[in-house]
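Asker: no sequence on this one, just coordinates:
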């Protein structure tokens, strides 16, 4: 498995180096997405207790956040974060 950070490319496919200012701006966006994802995810207890409320929360909360989750992962990959840092399962509260 390749442990290199994915390359960031422009529309033509040329590699781009991000400045620290750009990385900070991307990280700020990722941080906001992370908080939003964390607040809308089911807790571990809710996952293990499939009541109607919890199932609806999973369907309407987590499944509807797929685009936000993918955006969060791409933002974190762009700044070269460790894959463990952008695992959404680690965001799940207990």
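Answerer: Here it is on my side, so go on. This structure is a prediction, so every number in the text was calculated from the model and none was measured. Residues are numbered from 1 along each chain as shown.

Asker: so residue 13 sits in a strand?
Answerer: No. Using DSSP: H, G, I helix; E, B strand; the rest coil, the assignment for residue 13 is coil, not a strand.

Asker: and the pLDDT for it?
Answerer: What the model reports as pLDDT for residue 13 is 70.

Asker: ranges for the strands of this protein?
Answerer: In the chain, no strands are defined using DSSP state E.

Asker: show me the contacts for residue 75.
Answerer: Counting by CB atoms under 8 Å, 6 or more residues apart in numbering, residue 75 touches 26-27, 29-30, 33. (C-beta placed from N, C-alpha, C; glycine too.)

Asker: what's next to whichever helix in the chain runs longest, contact-wise?
Answerer: Using DSSP state H to assign secondary structure, the helix with the most residues in the chain is helix 20-40. Residues from elsewhere that reach helix 20-40 (CB under 8 Å, 6+ apart): 18, 61-62, 65, 68-69, 71-72, 75-76, 78-79, 86, 88, 91-93.

Asker: out of the residues you listed, which are buried?
Answerer: 61-62, 65, 68-69, 72, 75-76, 78-79, 86, 88, 92 (16 or more other CB atoms under 10 Å).

Asker: and the residues you listed, which is closest to residue 14?
Answerer: residue 78 (15.3 Å; CB to CB).

Asker: please report how far the most centrally placed residue in the chain lies from residue 39.
Answerer: Taking CA atoms, centre = their mean, the centroid of the chain lies closest to residue 72, which sits 3.2 Å from it. Separation of residue 72 from residue 39 (CB to CB, to the nearest Å) stands at 13 Å.

Asker: now swap in residue 73 and tell me
Answerer: Where residue 39 is concerned, residue 73 sits at a distance of 17 Å (CB to CB).

Asker: quick one: which of these two has more around it?
Answerer: Using other CB atoms under 10 Å, the more surrounded residue of residue 73 and residue 39 is residue 73, with 17 against 10.
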